[in-house]
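In: the sequence and its predicted three-dimensional model are supplied below.
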Amino acid sequence: MKFLKIFMIILLVNSFSQLKSDEKNNELKNKILKNVRCLICQGQSVYDSESDFASSIKLIVDRKINDGLKEELIYEFLKEKYGDWIIYDPKLNKNTYILWLLPLLLFLLGGVIMKKKLKF
Amino acid sequence: MKNKLSISIIIIFLSFCFIIFYKGLNNSKTYTPQINDKKDMPIFKAKDFNSNTYVDSEKIFEEDIFYIVNIWASWCVPCRTEHPILMELSKSQSVKLIGLNYRDNQINAKNFINKFGNPYSQILIDKDGTLGIEFGAYGVPETFVIDKNKKIIRKFVGPINQEIADKIKLIIK
């Protein structure tokens, strides 16, 4: 009877941690899919899209997460296959530095103009 | 003088914005992934269309020749237009065609092959489209040229026409 009780507790704890891990994986999957562009219905994320391409990407991402791949590695895999454009959040590199630096330059330029105008 | 300079700067700035937006409007709004980068061929296991057994990619691409991977489906209308060209390409001794049957019904796919001919030395089943993703495909038909070093050297999105077939013939020569 005691053995059965211990067994039941272990089973309960195990299934609870399994549930928790599934939930965590699901959250990560959704986060990644929301940050990946669908190449068929451009303008929609893979998460929102119902195209064949999107459903294949959903399966691939699911598999990669289950294989233990980290979020960054999954993005790297997709970028290697389809280029940086597939990710909504472009990283700073030689193709995107204007995108990242232009707002900063405009901000600084605005600051300089304001300083000159207001003379402070 | 100062006023003239300010007006000139504003005009230059507005012209600059106009050129940028005008060019942007003329650009294609559809993104197509780069197609001329050399990429390593994916390593995978796939179901063979005829035997229904799993085969390794190393076994499929083991010969020291060029390979053409063509993604097709019986429901895909452009695949019918490119099929005669694939049949012609399959006659070459220096290349082997591998078909990737994409999200298809196997009976329909068999009927398609029986009706239009089989240009492929081997057909693999890609039931859920994930094998196509491994190749970097996003639709059907798509064609990849793989060199002797097992690198994807060219990718053609859409149906193969005679012009593309001539390009492929030059590559595999």
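Out: Alright, I've got the coordinates.

In: list the buried ones in the helix or strand containing B:Lys167?
Out: Secondary structure from DSSP states H and E places B:Lys167 in helix B:162-172. For helix B:162-172, a neighbour-count test (16 or more other C-beta atoms under 10 Å in any protein chain shown) marks B:164-165, B:168, B:172 as buried. Glycine gets a C-beta too; all of them are placed from N, C-alpha and C.

In: tell me the least confident of the residues you listed?
Out: Scanning the buried residues of helix B:162-172 for pLDDT, the smallest score is found at B:Ile172, 87.

In: please go through chain B and pick out the longest helix.
Out: Longest helix in chain B, counting residues (DSSP state H): helix B:2-26.

In: what mean pLDDT does the helix or strand hosting A:Ile74 get?
Out: Here A:Ile74, judged by DSSP H and E, is contained in helix A:71-82. Averaging pLDDT along helix A:71-82 gives 92.

In: ok, that helix near chain B or not?
Out: Yes: counting by C-beta under 8 Å from any C-beta of the partner chain, chain B is contacted by helix A:71-82 at A:80-82.

In: now those in TSV, with neighbour count?
Out: As requested, these are exported to TSV (neighbours: other C-beta atoms under 10 Å in any protein chain shown):
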residue	neighbour count
A:Glu80	13
A:Lys81	19
A:Tyr82	23
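
In: ranges for the strands of chain B?
Out: Along chain B, counting by DSSP state E, strands occupy B:39-40, B:45-48, B:54-56, B:66-72, B:95-102, B:122-126, B:142-146, B:151-157.

In: got those as a markdown table, with distance to chain A and mean neighbour count columns?
Out: Listed next are those as a markdown table, based on distance: least, C-beta to the nearest C-beta, whole Å; neighbours: other C-beta atoms under 10 Å in any protein chain shown:
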| stretch | distance to chain A | mean neighbour count |
| --- | --- | --- |
| strand B:39-40 | 7 | 13 |
| strand B:45-48 | 13 | 16 |
| strand B:54-56 | 16 | 13 |
| strand B:66-72 | 12 | 25 |
| strand B:95-102 | 8 | 24 |
| strand B:122-126 | 9 | 22 |
| strand B:142-146 | 11 | 22 |
| strand B:151-157 | 10 | 17 |
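
In: any idea which of these gets closest to B:Glu88?
Out: Minimum separation from B:Glu88 across these (C-beta to C-beta) falls at strand B:95-102, 10.8 Å.

In: that closest one vs helix B:162-172, what angle?
Out: 130 degrees (axes from the mean of the first three to the mean of the last three C-alpha atoms, to 10 degrees).

In: name the strands paired with strand B:95-102 and say parallel or antiparallel.
Out: strand B:66-72 (parallel), strand B:122-126 (parallel) (DSSP bridges).

In: about what we covered before: now the angle between strand B:142-146 and the helix holding B:Lys167, please.
Out: Helix B:162-172 and strand B:142-146 are oriented at 20 degrees to each other (the same axes, to 10 degrees).

In: okay, helix B:162-172 in CSV with CA atoms only?
Out: Provided in CSV are the C-alpha atoms of helix B:162-172 (Å, rounded to 0.1, in the frame of the first residue of the first chain):
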residue,chain,number,x,y,z
GLN,B,162,13.6,26.1,-72.1
GLU,B,163,15.9,29.1,-71.1
ILE,B,164,16.4,27.7,-67.6
ALA,B,165,17.0,24.2,-69.0
ASP,B,166,19.7,25.6,-71.3
LYS,B,167,21.3,27.3,-68.2
ILE,B,168,21.2,24.0,-66.3
LYS,B,169,22.7,22.2,-69.3
LEU,B,170,25.6,24.7,-69.3
ILE,B,171,26.2,24.1,-65.6
ILE,B,172,26.2,20.3,-65.8
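
In: helices and strands around it, which ones?
Out: Judged by 3 or more C-beta pairs under 8 Å, 6 or more residues apart in numbering or on different chains; DSSP states H and E, helix B:162-172 is in contact with strand B:66-72, helix B:77-89, strand B:142-146, strand B:151-157.
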